[in-house]
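> Below: sequence and its predicted model.
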Amino acid sequence: MLHIEWLRTTFYCNKLMYNNYIIYIFFLLLFGTIFSFAEECPPSIFDASWSETQYGYFEPLPMEVWGTVEFKTRDFGGRVEIKVNWATLNNYAEFGIYGITNDELKQIMYKAIIVQIAGRHCENLHGQRQYVFFEETECRVNRYCYLHLKTNEEIFCYDDGWPGPNPTYYTYHSENYYKIGKSIVCGIQCCEFIYTVECAIIPGGTNYPKIIGFSKNPLPSSLCTESGFIDCLTGEPEPCQSTCN
């Protein structure tokens, strides 16, 4: 029955993937290159052009600080470059009435740091400027396991409340295969988070820095390398793809 075979295949494929992970981890420990940068992110971070450590904070109400973090900055090529040390993030609102998670606070801190640098009322912002945060992002590769279907595909049954979708099949050389896939990390790259900012005017004359654009861009010197994995069905190499896009 296809329903039973699906369960068996899921268990078998998960076992195969577990074994593949063990082999993968062995090579990571052996070579130690995939998860470490050949250079820092960004490579220039130890240059004298960078500022001393500064302390960013988010204070939505007077005397009510929700979070702090350390960062460095420099003016380069007409833009403000920023490197945040997220290991120093302090979340004072996580267990309060607001329940702000670290990931949520991190998104807030991008804007808070921009406001801190530009000035709450645009004192240091002249026209449009780019504020560029350097972040480590993942390279990922999809890994698949295939069940060769030698009989007609037919759903035996499904439980009440099954939300779907029903299993789909992969056709290769006129043969049908059931395909299970997972995405795994195959490297790290340095990515630019680029915020375009201008000074907005609130009716009544108050100014504030406003984000009007956002994009991501991998550093040219930090591209995803080949994953080293081969698709077991096609024999083709599987690319290690950037998440900085």
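Noted; the coordinates are in hand. Numbers count the residues shown, from 1 in each chain.
> so where's the longest strand in the protein?
Looking across the chain with DSSP state E, the single longest strand is strand 175-202.
> Strand partners (parallel or antiparallel) of that strand?
Sheet pairing of strand 175-202 (DSSP bridges) gives strand 129-149 (antiparallel), strand 169-172 (antiparallel), strand 206-218 (antiparallel).
> Those strands: which one's closest to residue 67?
strand 129-149 (15.8 Å; C-beta to C-beta). All C-beta spots, glycine's among them, are computed from the backbone N, C-alpha and C.
> Buried by neighbour count: which residues of the closest one qualify?
By neighbour count with 16 or more other C-beta atoms under 10 Å, strand 129-149 contains the buried residues 129-135, 137-141, 143-147, 149.
> got it, and stretch 101-111?
Buried, per 16+ other C-beta under 10 Å, within stretch 101-111: 105-106, 109-111.
> just those residues now: which is nearest residue 55?
Nearest to residue 55 among the buried residues of stretch 101-111: residue 109, at 11.4 Å, using C-beta to C-beta.
> Which positions within stretch 114-130 qualify as buried?
By neighbour count on 16+ other C-beta under 10 Å, the buried set for stretch 114-130 is 114-118, 122, 125, 129-130.
> Then stretch 144-163?
Neighbour-count burial for stretch 144-163 [16+ other C-beta under 10 Å]: 144-147, 149.
> Need phi/psi at residue 97.
Phi and psi for residue 97, reported as degrees, to the nearest 10, are phi -70, psi -20.
> And for the one 10 residues further on?
Its backbone dihedrals place residue 107 at phi -60, psi -40, with angles given as degrees, to the nearest 10.
> how much space between it and residue 118?
18 Å (C-beta to C-beta, to the nearest Å).
> how close does the residue most central in space within the chain get to residue 149?
For the chain, the residue nearest the mean C-alpha position is residue 137 (4.9 Å; C-alpha atoms, centre = their mean). Using C-beta to C-beta, one obtains 37 Å as the distance from residue 137 to residue 149.
> quick revisit: wouldn't the residue nearest to the centre of the chain be in contact with residue 243 here?
Yes. The criterion here is C-beta atoms under 8 Å, and residue 137 meets it with residue 243 at 5.1 Å.
> residues contacting the closest residue to residue 133 other than its chain neighbours?
In space, and not counting its chain neighbours, residue 133 is closest to residue 193: 4.2 Å by C-beta to C-beta, 6 or more residues apart in numbering. By C-beta atoms under 8 Å, 6 or more residues apart in numbering, the contact set of residue 193 is 110, 132-135, 214, 216.
> Residue 210 too?
Per C-beta under 8 Å, 6+ apart, neighbours of residue 210: 197-200.
> ok, now with 10 Å
Residues in contact with residue 210, defined by C-beta atoms under 10 Å, 6 or more residues apart in numbering, are 111, 114-115, 118, 122, 125, 196-202.
> Kindly state the beta-bridge partners for it.
Going by DSSP bridges, residue 210 forms beta bridges with residue 198.
> ok, back up a step: switch the contacts of residue 210 over to a markdown table; also include distance to residue 84 and pLDDT.
Formatted as a markdown table, the contacts of residue 210 follow (distance: C-beta to C-beta, whole Å; pLDDT from 0 to 100):
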| residue | distance to residue 84 | pLDDT |
| --- | --- | --- |
| 111 | 12 | 96 |
| 114 | 11 | 97 |
| 115 | 14 | 96 |
| 118 | 16 | 95 |
| 122 | 22 | 92 |
| 125 | 19 | 90 |
| 196 | 18 | 98 |
| 197 | 16 | 97 |
| 198 | 22 | 96 |
| 199 | 23 | 94 |
| 200 | 24 | 93 |
| 201 | 29 | 88 |
| 202 | 28 | 83 |
